[in-house]
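*Asks:* only the shape, not the letters, is given here:
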């Protein structure tokens, strides 16, 4: 059961080969069995609650009222607010926080009939690339329990790769869906900025954050985009347009597809073994009739530094609300207001969050704003222009998702810059607001390698078509880690 | 001895009269139980996002058009970052680099009738903060977030004001304008119209500005005047004693009539303004502005001119009657209903009605006598049903709730007597009763005439037509 994709489970449910109760119980059993090793969840819903939900789903199906995804289990990243279920954001600051409302994405999944199994582990406030900044301890990579699953959506990646749920949501600010998807051999889509509502997503960097699905296939990602995308009047950055059916063009031929290979994604810093895997994938596309050509993203080297100005700037302001006054962590026996602010934040936030709040405060402060924040915004436009220029010539840009495979736990924890470099191919996409898809493309050093496909704005259906066609001729996405 | 010039610029925060907050659907009514009007965004719940209230933008544009300002077709909301318990998000959404309203002006009439044009630097939209409550919490502070997120229009003047009196005249004109436009109730007690004053002094003739002090949150016209005057004297005394004014924020204490230092410049926050990434720039086209322009009412200055022209009112009357839209509307209704002389109507509204409003501490929005009822009363004066003097008695009865003018006149038998036989009878009675005075008059002491008029009026219980009375009395005395 757990090896199946959503698309397959939907058929099994419809044909009554399985019930939702069986399905939920099966995944729950797997969570019980593997969660102690993977630490993929911060919260798992209680068994009786889940059984009740599954029972309701089965009843709906029996009455003929089931929707496509009725009774399909899902896990939500722990920064999506869930009414009545703790939303910790991986932080001590929100260890006690139970939101009084549902995020739009959570509501959309519920409305689609999906069953919330739990909330997944993550880097604290989505700041990290290894899941090691989580207050609840790192999640582990099911392919190698000594290695990280990536981050920040590492818990979601570990849960899907470990087949503890068929789908989990993630959020991607600089690569936080695609990098862990690559590290754990799952499919992860970071949609065009503005196509998935941010309402109820606890913000890290508002102009970059975007929710998306982490699944076992591109087809499943398309199914999930039908649920998650759409205009939300509660999010002013949500784009009002017709989103259409993302599964509609999955089977379109790739003949004549123009794929651009940016030289900048294959330069020094790329593990040659990873590069070789991606080169093989490119050959696969050629076989399917795609035309491969080289493109340039000359400002890509500036993307990471610009990102590490803009994202911390926004985070320093977004996280100001965590002050111990209304909710979340408050220090013991504050002497006065200032003491309460200082100690609540000093004790409630972890080191990486504090580092970014301080960087962000610095780059916005008078005397540095022009030289740093404004300059970074200019660079952001240059990075976007690079992509725009490239998309005049090609339909899709293809490269490795990350320069390396999953690294060992603790390896980069004391070297933030080296940690940040694992996002070097992904942050540009966030700065430009483009959609990016990471799909499994093979293995290097016995660990999964992710391939990143970047498309033009709102071209997710094309992107998923290109991913799906690859998954029709390869089986990397079906490989399961030996540990689970 | 140096002669000093005073330089004042005002920042006014006007709460806009929208039904909901600037960025969420929570209600804005004043006086609700603490924190009952705090929605999820007001509480800064993690994950919540702001969505701009269109009405507030319309109101800001309306204001801009009312002060002849340039309207910025693109404006940006920025975050002003600072920590305070009544600021739940840890930042206030405001407009810093690009306000919705750019340069405009306001013509202010000073006491001497001189019109002074005061520059308006800008006006921008921002959220109000909540309130910290320091009483009743046993050494702790309570937070009420009902006010947090209510839209404010911050209106910044140029430093064009040269005295506390000018500042107050500007404030009153501005206050009248926002109420005319219907964008704010202007209620100062409830904090809908608050003022910060930037005050500095410099030697007369100097073109360099002195160091300014900012007086925060003064909430009545009277206190603005007193606070500024205190501050002017403080600064002049300080400089003349060899000291220097430091740039700081000061608080006016109305009990002691003085300003006190709140925080100096060194304690000033670095607000780290940057564009709010949760909100897109506000962009609108000319048609939006034109649509708003169509909703503009006749503004005070224009109305004042029209009153002078159409009704022949004096400058002063026209100015007073156009200070508020409600008062002006009331006056025009009285004129329409009474069909009497506008000057007579103006007197009734300003003097008689004004006195009652003053006495009962109410304003024209809750008049004790409706405009049409007053109009009918004035009509009765015009058509000689009652004399002006009797009309005042009728008016008092109307204020006391005794009914309409005609009912009161009939019920109390106050109709004016124009029957000359009756008037002659009263005159003869009085002449008979006062032979000494009649003698005096006839021997040339014409001053006695007034006394005799009074006596006859008394005999008629005030109902004799005064003109006829005069004529008859004169005739009889000179017979």
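*Replies:* Everything's here; your move. Keep in mind that what you see is a predicted model, and the values were worked out from it rather than measured. Residues are numbered from 1 along each chain as shown, chains lettered A, B, ... in the order given.

*Asks:* can you give me every residue that contacts the nearest residue to residue A:300 once chain neighbours are set aside?
*Replies:* Excluding the flanking residues, the one nearest residue A:300 by C-beta to C-beta, 6 or more residues apart in numbering or on different chains is residue A:264, at 4.2 Å. C-betas here are computed from N, CA, C, even on glycine. Each residue near residue A:264 by C-beta atoms under 8 Å, 6 or more residues apart in numbering or on different chains is listed here: A:296, A:297, A:298, A:300, A:301.

*Asks:* show the backbone phi and psi for the fourth one.
*Replies:* The reference is to residue A:300. Dihedral pair for residue A:300: phi -60, psi -30, per degrees, to the nearest 10.

*Asks:* let me know whether it touches residue A:384 as I believe.
*Replies:* No - under the criterion of C-beta atoms under 8 Å, residue A:300 is not in contact with residue A:384, lying 11.7 Å apart.

*Asks:* ok, the two, which is more surrounded?
*Replies:* Counted by other C-beta atoms under 10 Å in any protein chain shown, residue A:300 and residue A:384 do not tie: residue A:300 has more neighbours, with 22 against 17.

*Asks:* about what we covered before: pLDDT score assigned to the residue nearest to residue A:300?
*Replies:* On pLDDT, residue A:264 comes in at 95.

*Asks:* now the residue of the stretch 201-350 of chain A found nearest chain B: closest residue in space that isn't a chain neighbour?
*Replies:* Nearest residue of the stretch 201-350 of chain A to chain B: residue A:320, at 2.4 Å (C-beta to the nearest C-beta). Nearest residue to residue A:320 in three dimensions, chain neighbours excluded: residue B:90, at 2.4 Å (C-beta to C-beta, 6+ apart).

*Asks:* okay, now the one you found: neighbour count?
*Replies:* Residue B:90: 21 surrounding residues under other C-beta under 10 Å.

*Asks:* now do the phi/psi pair for the residue most central in space within chain A.
*Replies:* By C-alpha atoms, centre = their mean, the mean C-alpha position of chain A lies nearest to residue A:177, the distance being 2.2 Å. Taking degrees, to the nearest 10, you get phi -100, psi -50 for the backbone angles of residue A:177.

*Asks:* any idea how far it is from residue A:56?
*Replies:* 30 Å (C-beta to C-beta, to the nearest Å).

*Asks:* from residue B:161, how far off is residue B:259?
*Replies:* With distances taken as C-beta to C-beta, residue B:259 is found 17 Å from residue B:161.

*Asks:* cool, residue A:273 as well?
*Replies:* To residue B:161, residue A:273 is 74 Å away according to C-beta to C-beta.

*Asks:* ok, residue A:188 next?
*Replies:* 61 Å.

*Asks:* neighbour-wise, which of the two wins?
*Replies:* residue A:188 (34 against 26).

*Asks:* hang on, the more buried one in a strand?
*Replies:* Yes - looking at residue A:188 with DSSP: H, G, I helix; E, B strand; the rest coil, it is inside a strand.

*Asks:* buried residues in the helix or strand residue A:33 falls within?
*Replies:* For residue A:33, the host element (DSSP states H and E) is helix A:20-38. Under the neighbour-count criterion of 16 or more other C-beta atoms under 10 Å in any protein chain shown, helix A:20-38 has A:20-25, A:27-28, A:30-31, A:34-35, A:38 buried.

*Asks:* counting by contacts, list what that helix packs against.
*Replies:* Packing partners of helix A:20-38 (3 or more C-beta pairs under 8 Å, 6 or more residues apart in numbering or on different chains; DSSP states H and E): helix A:6-14, strand A:41-44, helix A:47-62, strand A:73-77, strand A:115-120.

*Asks:* how does it look with 7 Å?
*Replies:* Where contact means 3 or more C-beta pairs under 7 Å, 6 or more residues apart in numbering or on different chains; DSSP states H and E, helix A:20-38 is packed against strand A:41-44, helix A:47-62, strand A:73-77.

*Asks:* for the helix-or-strand element of chain A with minimal mean pLDDT, give me every contacting residue.
*Replies:* Lowest mean confidence among the helices and strands of chain A (mean pLDDT, DSSP states H and E): helix A:416-420, at a mean of 85. Applying C-beta atoms under 7 Å, 6 or more residues apart in numbering or on different chains, the external contacts of helix A:416-420 come out as A:129, A:130, A:304, A:308, A:355, A:412.

*Asks:* apply 10 Å and report the result again.
*Replies:* Under the contact criterion C-beta atoms under 10 Å, 6 or more residues apart in numbering or on different chains, helix A:416-420 has outside partners A:128-130, A:132-133, A:148, A:151, A:174-175, A:304-305, A:307-308, A:351-352, A:355-356, A:407, A:411-413, A:427.

*Asks:* which of those residues fall within helices?
*Replies:* The helices, defined by DSSP state H, take in A:304, A:305, A:307, A:308, A:351, A:352, A:355, A:356, A:427 from these.

*Asks:* quick check: buried residues in the host helix or strand of residue B:232?
*Replies:* According to DSSP H and E, residue B:232 maps onto helix B:221-240. By neighbour count on 16+ other C-beta under 10 Å, the buried set for helix B:221-240 is B:221, B:223-232, B:234-235, B:239.

*Asks:* you'd agree residue A:372 is in a helix?
*Replies:* Yes - counting by three-state DSSP, residue A:372 falls inside a helix.

*Asks:* show the contacting residues for the residue lying closest to it once chain neighbours are set aside.
*Replies:* Closest residue in space to residue A:372, ignoring its immediate chain neighbours: residue A:363 at 4.1 Å, by C-beta to C-beta, 6+ apart. Residue A:363 makes contact with A:308-310, A:312-313, A:316, A:369, A:371-376, B:272, B:274, according to C-beta under 10 Å, 6+ apart.

*Asks:* helix, strand, or coil at residue A:363?
*Replies:* Per three-state DSSP, residue A:363 ends up helix.

*Asks:* pLDDT at it, what is it?
*Replies:* For residue A:363, the predicted pLDDT is 97.

*Asks:* same thing with the one 4 residues further on?
*Replies:* Among the per-residue scores, residue A:367 holds a pLDDT of 90.

*Asks:* return the distance of the residue nearest to residue A:123 when sequence neighbours are not counted relative to residue A:179.
*Replies:* Leaving aside its chain neighbours, residue A:123 sits nearest to residue A:152 (3.7 Å; criterion: C-beta to C-beta, 6+ apart). Using C-beta to C-beta, residue A:152 is found at 9 Å from residue A:179.

*Asks:* what's the overlap in contacts for these two?
*Replies:* Counting by C-beta under 10 Å, 6+ apart, the common neighbours of residue A:152 and residue A:179 are A:129, A:130, A:172.

*Asks:* whichever helix or strand residue A:467 is part of: how far from the chain's middle?
*Replies:* Using DSSP H and E, residue A:467 maps to helix A:460-473. Relative to the centre of its chain, helix A:460-473 is centred 18 Å away, using C-alpha atoms, centre = their mean, to the nearest Å.
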